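Student: 3D model of this:
(chains A, B and C)
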Amino acid sequence: MKKVLFATTALIALGSMAAADVRLSGYGRFGLDYNDLNSTDANDDNYNGVSDMTITSRLRLQVDMSAETDGGVGFNARVRMQAESRDNAPQSNGGVVVLRDATGAIITRPDGVGNDVPVVTRPNDNGFNGARFGVTYGGLIVNVGNIIGAVENAPGLYTTGTRSAGTGIDGMGFNSLVLKNVGWDAYDSDGQGVNGVEALYTVGGFTGHISYSEDNDDVASFDDVNGISVPGETRLGLMATYSFGDYYVTGAYQDSSDGIVIGGDDLNDLYFLAAGGDFGQFGAKIAYGESTLTKAWSLEGNMDIGAASNILVWVTDASSNKTIDIGGTPTDLGSDGTSWGINYQYDLGGGATFVAGYVDSENKLAAAHRQDQKQFQAGVYFSF
Amino acid sequence: MKKVLFATTALIALGSMAAADVRLSGYGRFGLDYNDLNSTDANDDNYNGVSDMTITSRLRLQVDMSAETDGGVGFNARVRMQAESRDNAPQSNGGVVVLRDATGAIITRPDGVGNDVPVVTRPNDNGFNGARFGVTYGGLIVNVGNIIGAVENAPGLYTTGTRSAGTGIDGMGFNSLVLKNVGWDAYDSDGQGVNGVEALYTVGGFTGHISYSEDNDDVASFDDVNGISVPGETRLGLMATYSFGDYYVTGAYQDSSDGIVIGGDDLNDLYFLAAGGDFGQFGAKIAYGESTLTKAWSLEGNMDIGAASNILVWVTDASSNKTIDIGGTPTDLGSDGTSWGINYQYDLGGGATFVAGYVDSENKLAAAHRQDQKQFQAGVYFSF
Amino acid sequence: MKKVLFATTALIALGSMAAADVRLSGYGRFGLDYNDLNSTDANDDNYNGVSDMTITSRLRLQVDMSAETDGGVGFNARVRMQAESRDNAPQSNGGVVVLRDATGAIITRPDGVGNDVPVVTRPNDNGFNGARFGVTYGGLIVNVGNIIGAVENAPGLYTTGTRSAGTGIDGMGFNSLVLKNVGWDAYDSDGQGVNGVEALYTVGGFTGHISYSEDNDDVASFDDVNGISVPGETRLGLMATYSFGDYYVTGAYQDSSDGIVIGGDDLNDLYFLAAGGDFGQFGAKIAYGESTLTKAWSLEGNMDIGAASNILVWVTDASSNKTIDIGGTPTDLGSDGTSWGINYQYDLGGGATFVAGYVDSENKLAAAHRQDQKQFQAGVYFSF
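Tutor: Model prediction:
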C-alpha cells in the first residue's frame, strides 16, 4: 500500500530561481487527559456524560504552496487539515445551514429566527481550513484570507516553547493567557478564518504587524473566530516587537467596532504587553493584558534539565475590569482568579517529545461548582 | 515544520512501463473585487450587507492518481480541494441533511415537505470534490463519476487563455458565456458532480465527446450541477471539434429529459457553435449559443503586448428565445442585454501572473436596480 | 498543471535512524452495479427512485505519517479521504447538527427531542476520517483514536484476497460475513471512529489483540460505528490468532455493556471462530459467528486459474439466535437464510485488476419483497 516515502529532510529542489513547490508537514499528538469538571456520575454537579479521564488527540497535516517570480517576489498559500478528539468527541468546527424545501424555497422555521442561522455541526469527516495567501518581498509580508492576526502574533502571548503553545498535550484551555473573555483575529486552524488583510514588516530586531478584518452584515457569511463576535464587526490589530539578543519586548492592541457592546465599551477592545528572554539554561516571561471585561498578568519561567528535558511553570492572575449594572445589580461578567500550571517535556529524538502537564485554574465568577478546575495530561507529540 | 520540499519540476519516475503515481498541483489566486451590486448601505436598493469592495480568493489543490497496465491501458482518478472566499464569505458547497431523533427515527418537519430535502450548508472546512475515474487507451478516453461533460469541454465556450477562464481573478460571473439560464453537465470542482459517464475520442485534428448522466428520483441523492436541475433529470451531451493548424471549429449539443419544462420545452436543451484561432500576435473567437430561454452571440479578441502582456476584450449579446404566457401575460424569463469585458494579464515569471479585469453586464429582464452591473478585479494568480 | 510526479516505487529516505515521513497511497475502483432491489418503476414493490443499474465507485487517498525516536520507538498516524458513489449517490458520512439562533441560543425543536440529535448529512465534499495514532516497539503495537478493533482484525472475518474484502467492486453488502445484526469496533474509513484504545502483540505465529471503547452519554458526541450503537455503550474486544505455515485458526469476542438490550441480552455481544489456509493453487476458509440475534456459518474456497486469474466462491447460512416476545407474539428480529456469491479477479499488471462478482442473498425475516436480493458487479480496481 504505502509505496511512496518522502523523508522529511529530503530536499528535491531544482536550481531555478523561479520555482514553485508543495510541502507537506504536520504533527500528531495524543495522550491521557484528566479533567475534574467532567463526570459520568449523574448525581455529580459536574455531570456532563463525559468521563473525567479521556484520550486527547490531534493530527495536523499542513500543506504549504509557494512560487517566486523572476523579480524575487514570493507568493504562498497555506492550508491545514486537523483530525481531533477531546472529551471523547471529534472537534471539527461547525458551519452555517440554510434549510430549503424540495423546490429550493427557504423553509420558514417555527422559531421565527429565520433559516440563515449559525449552527454547530460536528461533521463525520475533517476538511481543510480556510487558506492564507501571502506575498513576500524582502522584509515585507502581506497576507489575505485566513490571516495570522496582529495580536495573535505577539511573542509571549502563549507559553514559550511548549509543544502545545499551552500546557500539556492540547493546551488544556490556554489558561495562562492574559487576554480573557475577548476575541481577536487569529489564524483559524479548523475553520474558514476571518478573510482579513495584514502586513508585517521586519527590519533588524524590529517587527511591526497590522491586521484588519470586517464581517458581512448577514449572519450566513459571518465568521465566529475565538467565539466572541457578531455580524458586521470590524477589527483593527496592531503589534510591535523589538528583539535584542535573546530578549524581546512586545505590545499589541485591537480596536473593535460594530461588535458586542458591554456597558458602553466594545467587548473586543484589548491591549497586551510582554517582555521575555533566555538566560542560558533559564527562560522567563512577564505579560499583562486588558480587555473590556477582564485584566490579567502572568509570570512564566522555564529551565532546561540535562540534555533533553525542560520544565516550565506559569501563574496568571485575572480580575474583573468592569462592573456593569444589570437590572440594578452591579455585576462582573469577566474572570477573577489565580491559575497556575506546570509543563514537562522530554525530547525522545526523531521529532518525538514526551509531554506532561498540570493546570489548576480558578474563576470566582463562574458557577459555584465550576470555579476551580484541575487538569492533568501526559502523552506524546511527534512532528513529520 | 516545513521539512519536505517537492519542486514542481522534479520528476522522480522509475523506468517501469507499469507505474502508478500520485501528483499534487494547483493554484492560488487572490485580489480585490469591486462589485457595484454589493452594498452595506441599508438605504440602497442593492443592500445585502456585503461591502462593494472585497477580497476574492481561491486555493485549488489537485490530486491526480494513475496506474498503467502491462497492456498499456491507463487508469486515473482526479480530485480537488478548494478553499474559496467571494463577497467576504467562504464558498464551500452545500449538501443534504436528513434530521433524525435520538433513536434514529426520521423527524417529521413542521412544513410537511419531508426531511430528505436539499439544504445549503456553508461548512467551516473544505473537503475534496467527487472523483473522476478514467480509462485511457490510444486516442480513447472513458470517464465515469464527476465527468468533464461534452458541452463543458467545447473549445471557445469560456474565454480563451485567461487565468480565470473568464474575466479578472475569479471570472466575475462568466458573463461572456453564450449559454445562459441553462444547466449542463460539467466537472464539479467543489461538489460531488453528476456521477455520469462519457467517452472522448481524438484522431488527427478531430475530437468527439459524448456524455450522459441521470439523477435518481429521490431528492436526497439528487445532484444540483450548474444550479438548474431537478431529481430524475437525464442529460445527453455531444461535442465535436475540428482543429487545423491554429484554428478550430466546434459544435456542442445537450438534450435534457424529465427535467424542468418551460412552456412545453425542456429547460436544459441547448446547442453551441464556435470558431476561433490564433493569428500570430492576435487571437479571435466567435460563438453562438441557444437554450430554451435565451440565445446569445459573443465576439472575443486578444493581443499580446510585448513579451509578457496580453489584453483580451469580449462582447456578448443575449436576447430572449421564448415568450411564455404566465396568467395571460406574455413573459420573457431569460436574459436580454449586451455585456462586455476586458482582461489584462502580465506574466511575472515562476508561474505567477498579474491579472486585472473589468466587466459591464446587462440584463433588461432582471429587477430594475440589478439590470446593470459593473465589476472590477485586480490581483495575482500563481500555479504550483 | 501536473508538474509533480512521485512514482509509487520511489523511496527517498535518508539514512538517519530517527526519520519522519509522510506517505500517500490508495486505490481507485469503479464499475457497473446491478441490484434487483433498486427500481425506478413506481408500480414496483422495490421502487426507490434508483436505477437497478448504476455506477459504483470509490477513490481512497490514504496518508500515513510516522516518526521514530532514537530509542527505536515508532510513532505513526493514519487518515484517509474517500470519494464514493453507490446507488448513484455520494456516500460521505453524516454528522451531528445543533441548531442555534442568531444570538447563539439553542433552538427548541418542535418535536421535543432536543437539538443535539444525530442527523444524516450528505455533504457535497469529502473530508478525511478520524485519525488513528500508534506506538510501535518490537512486536507490540498500541493504538488510540480510530482503532482497528479486535474483532475487525480477525483473519477470515471478510472474504480472503478479494480486492473489495467482499464480492465484486464494492463488497455488495458483505453478505458472506457470519456476524450479522451486530455492531463492533472497526477502523472507520469515512467517519471519526470510536476514539478507542487497543494493543496488539505478535510473537512467532501468535497474534493477540485487545480493544476497548466507550461512548459519552451525550448524544452529540456519540459515535455510530457499524450502525448499531447507543450513547454510553462500552465495548471490549478480544482476538487471538495462530498461524502455522500457510494455515491459521482464529477466535474473536466482543462484550458490550450499557448498549441496546434485546430480551435481556446486550445486542452487541458476539463471538467469532475461523480457520483457513492455502493449499498451493487452492485456498479455503470455514467460519462461524454468533451474536445476540443471529448465528451463521460460512464456507469459502478459491482457486488460481493460470498466471493471473482467481475465482472465489462462498456460501453463508444464517439463522435466528433468539426469539423474543413482542406484545405476546414470539418474534425473530435477526437474519435467516442462505446466501452465496462468486468473485472473479484478473490481474492486469501495474497494480490494476479486473473484478467481477455475483451475490444472491436471502433473509426470510425481511419484508416480503426484499427477502431475496441478486447483485452483479464488474469493473476495475487500481492501486497507487
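Student: mean confidence (pLDDT) on the helix or strand where residue A:325 lies, please.
Tutor: Element membership for residue A:325, per DSSP states H and E: strand A:323-326. Here the mean pLDDT over strand A:323-326 is 89, rounded to a whole number.
Student: got the contact list for the helix or strand following it?
Tutor: Counting by DSSP H and E, the element after strand A:323-326 in chain order, helix or strand, is strand A:329-332. Applying Cβ atoms under 8 Å, 6 or more residues apart in numbering or on different chains, the external contacts of strand A:329-332 come out as A:293, A:320, A:322, A:323, A:324, A:325, A:365. The C-beta positions use only the backbone N, C-alpha and C, and glycine is treated the same way.
Student: quick check: closest non-adjacent residue to the fourth one.
Tutor: Ranked by Cβ to Cβ, 6 or more residues apart in numbering or on different chains and with sequence neighbours excluded, the top spatial neighbour of residue A:323 is residue A:330, at 4.8 Å.
Student: now the one you found: how far from residue C:370?
Tutor: Here residue A:330 is placed at a distance of 68 Å from residue C:370 (Cβ to Cβ, to the nearest Å).
Student: these two: who's more crowded?
Tutor: A direct count of neighbours by other Cβ atoms under 10 Å in any protein chain shown for residue A:330 and residue C:370 places residue C:370 higher, at 11 against 8.
Student: ok, the residue nearest to that one when sequence neighbours are not counted - contacts?
Tutor: Leaving aside its sequence neighbours, residue C:370 sits nearest to residue C:37 (Cβ to Cβ, 6+ apart; 6.1 Å). Taking Cβ under 8 Å, 6+ apart as the contact definition, residue C:37 lies against C:46, C:48, C:370, C:373.
Student: tell me the buried residues in the strand or helix carrying the last one?
Tutor: Using DSSP H and E, the secondary-structure element containing residue C:373 is strand C:372-383. Of the residues in strand C:372-383, those with enough neighbours to count as buried (16 or more other Cβ atoms under 10 Å in any protein chain shown) are C:372, C:373, C:375, C:376, C:377, C:378, C:379, C:380, C:381, C:382, C:383.
Student: nearest to chain A among those?
Tutor: If you rank the buried residues of strand C:372-383 by distance to chain A using Cβ to the nearest Cβ, residue C:383 comes first, at 7.2 Å.
Student: partner residues bridging that closest one?
Tutor: Residues in a beta bridge with residue C:383, per DSSP bridges, are residue C:27.
Student: from what I see, it and residue C:27 are in contact.
Tutor: Yes - shown here, residue C:383 and residue C:27 form a contact pair, counting by Cβ atoms under 8 Å, at 4.4 Å.
Student: pLDDT wise, what is the closest residue to residue A:308 other than its chain neighbours at?
Tutor: Taking Cβ to Cβ, 6+ apart, and ignoring the residues beside it in sequence, residue A:308 has residue A:347 as its nearest neighbour in space, at 4.2 Å. Looking at residue A:347, its pLDDT is 96.
Student: that older thread, distance from the strand holding residue A:325 to the middle of the chain?
Tutor: On the basis of Cα atoms, centre = their mean, to the nearest Å, the separation between the geometric centre of strand A:323-326 and that of its chain is 30 Å.
Student: just stretch A:187-195 next, same as before
Tutor: 10 Å.
Student: is it in proximity to chain B?
Tutor: Yes - contact between stretch A:187-195 and chain B is present through A:190, A:191, A:192, A:195 (criterion: Cβ under 8 Å from any Cβ of the partner chain).
Student: give me the neighbour count for the nearest residue to the last one once chain neighbours are set aside.
Tutor: Excluding the flanking residues, the one nearest residue A:195 by Cβ to Cβ, 6+ apart is residue B:85, at 4.9 Å. Summarising burial for residue B:85: neighbours were counted as other Cβ under 10 Å, giving 27.
Student: who are the neighbours in contact with residue B:85?
Tutor: Residues near residue B:85 by Cβ under 8 Å, 6+ apart: A:130, A:145, A:192, A:195, B:54, B:55, B:56, B:57, B:58, B:91.
Student: re the thing from before, SS state for the residue nearest to residue C:370?
Tutor: Three states are possible here, and by DSSP: H, G, I helix; E, B strand; the rest coil the one that applies to residue C:37 is coil.
Student: pull up the gap between it and residue B:137, please.
Tutor: 34 Å.
Student: then residue A:292?
Tutor: The value you get for residue A:292 to residue B:137, if Cβ to Cβ is used, is 68 Å.
Student: these two - which one has more neighbours?
Tutor: residue A:292 (24 against 12).
Student: surely that one is in contact with residue A:321?
Tutor: Yes - counting by Cβ under 8 Å, residue A:292 sits close enough to residue A:321 to count as a contact (6.6 Å).
Student: direction included, what does the strand or helix carrying residue A:288 pair against?
Tutor: For residue A:288, the enclosing helix or strand under DSSP H and E is strand A:282-291. Using DSSP bridges, the strands paired with strand A:282-291 are strand A:270-279 (antiparallel), strand A:294-305 (antiparallel).
Student: indicate which one of the ones you listed is closest to residue B:204.
Tutor: Taking Cβ to Cβ as the criterion, residue B:204 comes closest to strand A:270-279 out of those, the separation being 68.3 Å.
Student: averaged pLDDT, that closest one. What do you get?
Tutor: On average, strand A:270-279 scores 96.
Student: okay, the residue nearest in space to the middle of chain A and chain C: tell me how far apart.
Tutor: In chain A, the centroid-proximal residue (Cα atoms, centre = their mean) is residue A:186; its distance is 6.8 Å. Note on residue A:186: its distance to chain C, by Cβ to the nearest Cβ, to the nearest Å, is 20 Å.
Student: distance of that residue from residue A:316?
Tutor: In this structure, residue A:186 lies at 19 Å from residue A:316, with Cβ to Cβ as the measure.
Student: now residue A:369, what's its secondary structure?
Tutor: Classification of residue A:369 by three-state DSSP places it in helix.
Student: give me the nearest residue to it, chain neighbours excluded.
Tutor: Taking Cβ to Cβ, 6+ apart, and ignoring the residues beside it in sequence, residue A:369 has residue A:45 as its nearest neighbour in space, at 3.7 Å.
Student: isn't the one you found up against residue A:38?
Tutor: No - in this structure residue A:45 lies outside contact range of residue A:38 using Cβ under 8 Å: 11.9 Å.
Student: who has more neighbours, the two?
Tutor: Neighbours were tallied for residue A:45 and for residue A:38 using other Cβ under 10 Å; the higher tally belongs to residue A:38 (22 against 11).
Student: give the contact list for the more buried one.
Tutor: For residue A:38, the contact set (Cβ under 8 Å, 6+ apart) comprises A:46, A:48, A:50, A:51, A:52, A:54, A:87.
Student: coming back round to it: pLDDT for the buried residues of strand C:372-383 - can I get that in TSV?
Tutor: Formatted as TSV, the entries for the buried residues of strand C:372-383 read as follows, by pLDDT from 0 to 100:
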residue	pLDDT
C:372	96
C:373	96
C:375	98
C:376	98
C:377	98
C:378	98
C:379	98
C:380	97
C:381	97
C:382	97
C:383	95
